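Student: Mind folding the following:
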Amino acid sequence: MKSLRIGAKDTAKACPSLADILQCRALQPAEILATYNDIHPEDTCADFRSVADAVNVNAHHLLDRMQDGPRIANDARVMSFVAIGDGRARLTAFRRFSMRRQGIVPTDIVYDYDAAHLLHAFIARASLPFFYDAWDEDGLDDLIGHLIVKWPEGRRDDILYANDPLLLTDT
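Tutor: Numbers count the residues shown, from 1 in each chain. Modelled structure (predicted):
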């Protein structure tokens, strides 16, 4: 992987943790969530055998916007990572999430025909379906598609604060 430019002045200092990278950019990692997106085993089908299939049709951007319960606070800033294998995940977006009332699906998700199976499978298995609107945030554009983290082994959580000391970069 190419060297990441991490600081506000594009310094080339190596940052071993996700929190280090955010702090180098004057962002507060304790105020930012990181999500690990993968296909839930019950949501697989012929079109979505793995999260790579969702990436191929650009449907991976809605995975963390569908939560079973209100797991992400309204107005939270979220770094979205997608699983790439071996416990690693690639940054795909940095957005601000806005929680909707329970069960109210955003129109961009409803009308994403490529992702219809993912939506319907999620609704069928979720006990408290919550959905989020999302808007891009500034500050990490150059890292999107390039930054890779190692998701902490043994952690079942797919949502962590970005200051988790076990969220390490994999460059």
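
Student: Let me see the contact set for the residue nearest to residue 17 when sequence neighbours are not counted.
Tutor: Excluding the flanking residues, the one nearest residue 17 by Cβ to Cβ, 6 or more residues apart in numbering is residue 168, at 5.5 Å. Placement of C-beta: from N, CA and C, glycine included. Contact partners of residue 168, counting by Cβ atoms under 8 Å, 6 or more residues apart in numbering, are 16-18, 149-150.

Student: Take these and keep only those in helices.
Tutor: With DSSP state H as the criterion, helices contain residue 18 from among the contacts of residue 168.

Student: Just give me the closest of the contacts of residue 168 to residue 51.
Tutor: Ranked by distance to residue 51 (Cβ to Cβ), the contacts of residue 168 are led by residue 149 at 15.2 Å.

Student: count of neighbours near that closest one?
Tutor: When neighbours are counted by other Cβ atoms under 10 Å, residue 149 registers 26.

Student: hang on, it packs against residue 170?
Tutor: Yes - between residue 149 and residue 170 a contact is recorded at 6.2 Å, counting by Cβ atoms under 8 Å.

Student: shared neighbours of these two, anything?
Tutor: Residues touching both residue 149 and residue 170 (Cβ under 8 Å, 6+ apart) are residue 88.

Student: which residues are in contact with the lengthiest helix in the chain?
Tutor: Identified as the longest helix of the chain according to DSSP H is helix 116-125. Outside helix 116-125, the residues within contact range by Cβ under 8 Å, 6+ apart are 39-40, 42-43, 45, 47-48, 54, 59, 62-63, 66, 68, 105, 109-110, 112, 129.

Student: got the phi/psi numbers for the most centrally placed residue in the chain?
Tutor: Central residue of the chain (Cα atoms, centre = their mean): residue 80, 1.9 Å from the mean position. Torsion angles at residue 80 (phi, psi; degrees, to the nearest 10) stand at phi -100, psi 120.

Student: Over to residue 40?
Tutor: Dihedral angles of residue 40 (phi, psi; degrees, to the nearest 10) stand at phi -70, psi 140.

Student: Would you map the strands across the chain?
Tutor: Assigned by DSSP state E, the chain shows strands spanning 32-37, 66-68, 76-85, 88-99, 129-136, 148-150, 159-161, 168-169.
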